[in-house]
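> model this:
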Amino acid sequence: GGGNMGDLYANEELLRQNIIKWFPLNKIISLSSSTCFSKKRKNYVLERAKKNYSKHSSLTLVARDIPTQRFYSSNFKCENLLCPDMVLSSFPQRKTEYEKNKKVLLCLRKDIESNLSENLKKDLEDLLLSNNYLFEYWDTDDLSGKNIENKSEKIDEILNFLNTFQFVITDRYHGTILSYISKTPCIGLDNSYGKIKNGFIWFKNCNYMFYADSIYEIKNAIQKIENLSELKINEELYKNFILLEKSLIGEK
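Prediction:
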């Protein structure tokens, strides 16, 4: 799987390390991740990762942003690739016609990765209210850990749900990705270690995805969304999966 690498979620990281340690002769590809190791003088989790990853005979680590790939190259003696998050392999399409209905979805974190101060959140709410926007809160983490039946139908339900809003404001990495593949305009705010900012490399040439790191930039992004006449995706994004495809089938 992919998503995270580092000691922020140490249990998941140690599980990955153990799998790689237990299967030293198997070809292993660890799918697209962002990395976050704390800068401790003695970081046991990182030192163990260096040992286990570098010793493996056929390991490929896939980074979903450039700083993560640089980290892999500097710390692990194994192959690495740069590739978008796997969810971005879904082709963007809307379920309903785009409507400027003054409804906004706030998909914001409530955990250790949150970087949004209460003051900024209050300023954001005031900004929306002063411009006559209705807003509601929702979080992708509401689904975390649940054994969901009919997963395909649930995903379609979420994409349909996003399409009921004029735009989304989120500091969730998959909040930005779900907005992109549902063709719902989105303003991305960063998390605690740059994951959203770094992940926005995949949305270049897409006219409905905006990164913002201040209330001023949020205000500018809202103005641009108001002026949208059509929604353009990044037509070049899918080419970035080619290296991963070749790695999966054993081509160089």
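> going forward, measure contacts between C-alpha atoms and count neighbours the same way
Fine.
> where does this structure dip in pLDDT?
142-148, 252 (pLDDT under 70).
> can you name the residues in contact with the longest strand along it?
Criterion DSSP state E: the longest strand present in the chain is strand 28-36. For strand 28-36, contacts defined as Cα atoms under 8 Å, 6 or more residues apart in numbering pick out 1-8, 20, 58-65, 68, 71, 82-86, 193, 195, 248.
> can you check stretch 88-101 too?
So stretch 88-101 is in contact with 159-160, 163, 165-166, 177, 180-184, 226, 233, 238, 241, going by Cα under 8 Å, 6+ apart.
> one more pass at 10 Å, please.
The contact list for stretch 88-101, computed with Cα atoms under 10 Å, 6 or more residues apart in numbering, reads 133-134, 156-157, 159-167, 174, 177-185, 202, 225-234, 237-238, 240-241.
> among those, name the ones in strands.
Per DSSP E, those map to strands at 134, 167.
> ok, and the closest non-adjacent residue to the most centrally placed residue in the chain?
Geometric centre of the chain, nearest residue: residue 173, 2.8 Å, by Cα atoms, centre = their mean. In space, residue 173 comes closest to residue 196 once its chain neighbours are excluded; the distance is 5.6 Å by Cα to Cα, 6 or more residues apart in numbering.
> thought that neighbour was touching residue 203?
No: Residue 196 is not in contact with residue 203 according to Cα atoms under 10 Å; the separation is 11.2 Å.
> what touches both of these two?
Common contact partners of residue 196 and residue 203 (Cα under 10 Å, 6+ apart): 176, 177, 211.
> looking at those, which has the most residues close by?
Ranked by the number of neighbours (other Cα atoms under 10 Å), the shared contacts of residue 196 and residue 203 place residue 176 first, at 28 neighbours.
> okay, that residue and residue 84: tell me how far apart.
Separation of residue 176 from residue 84 (Cα to Cα, to the nearest Å): 13 Å.
> what is in contact with the two at once?
residue 199.
> what's near enough to touch the residue lying closest to residue 178 once chain neighbours are set aside?
Counting by Cα to Cα, 6+ apart, residue 159 is the residue found nearest to residue 178 once chain neighbours are left out, at 7.0 Å. By Cα under 10 Å, 6+ apart, the contact set of residue 159 is 93, 94, 95, 153, 178, 179, 181, 182, 183, 184.
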